[in-house]
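Enquirer: give me coordinates for this.
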Amino acid sequence: MMMLNNISTWPALRWPWFILAGSALGLELVALYFQYGMGLEPCVMCIYQRTAVTALIFAPIPALINPQSIILRITSLILCLIAMIWGAQIAYEHVQMQNPDNFMLLLSCDVIPNFPDWLQLHTLLPSIFEARGTCGDIDWSFLGFSMPQWMTVIFAMYLITLCAVFALRLFKTRSI
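Expert: Presented below is the predicted three-dimensional model:
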C-alpha cells in the first residue's frame, strides 16, 4: 500500500514528467540514429509517429514548470494523452499497411506529410521530418516485431502507464 501511495504523488512531482520527456527525447535520438546511422529512411507514417513522440517531449513542459498547479498538470495530461493516442493510432495503421493482406491500404500512404499550413514541419526541419521511405517496407525488425509494431507497443505502454498513475492518484487523493 505504501508504494501505491507513493505512485499517486508522482503527477505532482517534477521528476516523472522529466522522465516522460527524457524518454521521448531518447526515442527521437534512436529514430535519428536509425535514419542517419543505419540509413533507414522514414516514410510518412514514420514521420507522423515521430511527430507524436516530439509532442511527448514538449507536452510535459507545463507540468515541469509547476507540477503543483492542477491547471498545468491537467494541461500536460491532456497534451500527453492526445500525443499518445494519436501516435498509437498512426502506428497501428502503419502496421496494417505493412500487412500483405491489406495491399490496398498502401495506396493511402502519402508521399509528403500532410501537416497544417501553419506548421509545415517537413519544410521547417527537413532533416527530421521529411519522408523519404515507403510505408510498406519493413527494413528493420527486432524480436520479430517491425518498427511500427514496436511503436504501437511503446505508445500503448506510455498510455497505460499515464492512465494508471492518474487513476491511482484520483483514487487515492481524489484529485488530478
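
Enquirer: report the central residue of this structure.
Expert: Closest residue to the average C-alpha location of the chain: residue 53 at 3.4 Å, with Cα atoms, centre = their mean.

Enquirer: verify the stated contact: that residue with residue 23.
Expert: No - contact criterion Cβ atoms under 8 Å: residue 53 and residue 23 do not qualify, at 9.4 Å. Every residue, glycine included, has its C-beta placed from N, CA and C.

Enquirer: helices along the chain, start to end?
Expert: 2-8, 14-32, 44-58, 61-65, 70-98, 103-106, 121-124, 126-129, 147-173 (DSSP state H).

Enquirer: okay if I get those as JSON lines plus mean pLDDT?
Expert: Below are these laid out as JSON lines (pLDDT from 0 to 100):
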{"stretch": "helix 2-8", "mean pLDDT": "68"}
{"stretch": "helix 14-32", "mean pLDDT": "97"}
{"stretch": "helix 44-58", "mean pLDDT": "97"}
{"stretch": "helix 61-65", "mean pLDDT": "97"}
{"stretch": "helix 70-98", "mean pLDDT": "95"}
{"stretch": "helix 103-106", "mean pLDDT": "62"}
{"stretch": "helix 121-124", "mean pLDDT": "85"}
{"stretch": "helix 126-129", "mean pLDDT": "90"}
{"stretch": "helix 147-173", "mean pLDDT": "92"}
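
Enquirer: now those helices in a markdown table, with distance to residue 135?
Expert: Formatted as a markdown table, those follow (distance: least, Cβ to Cβ, whole Å):
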| stretch | distance to residue 135 |
| --- | --- |
| helix 2-8 | 38 |
| helix 14-32 | 16 |
| helix 44-58 | 5 |
| helix 61-65 | 31 |
| helix 70-98 | 5 |
| helix 103-106 | 6 |
| helix 121-124 | 15 |
| helix 126-129 | 16 |
| helix 147-173 | 9 |
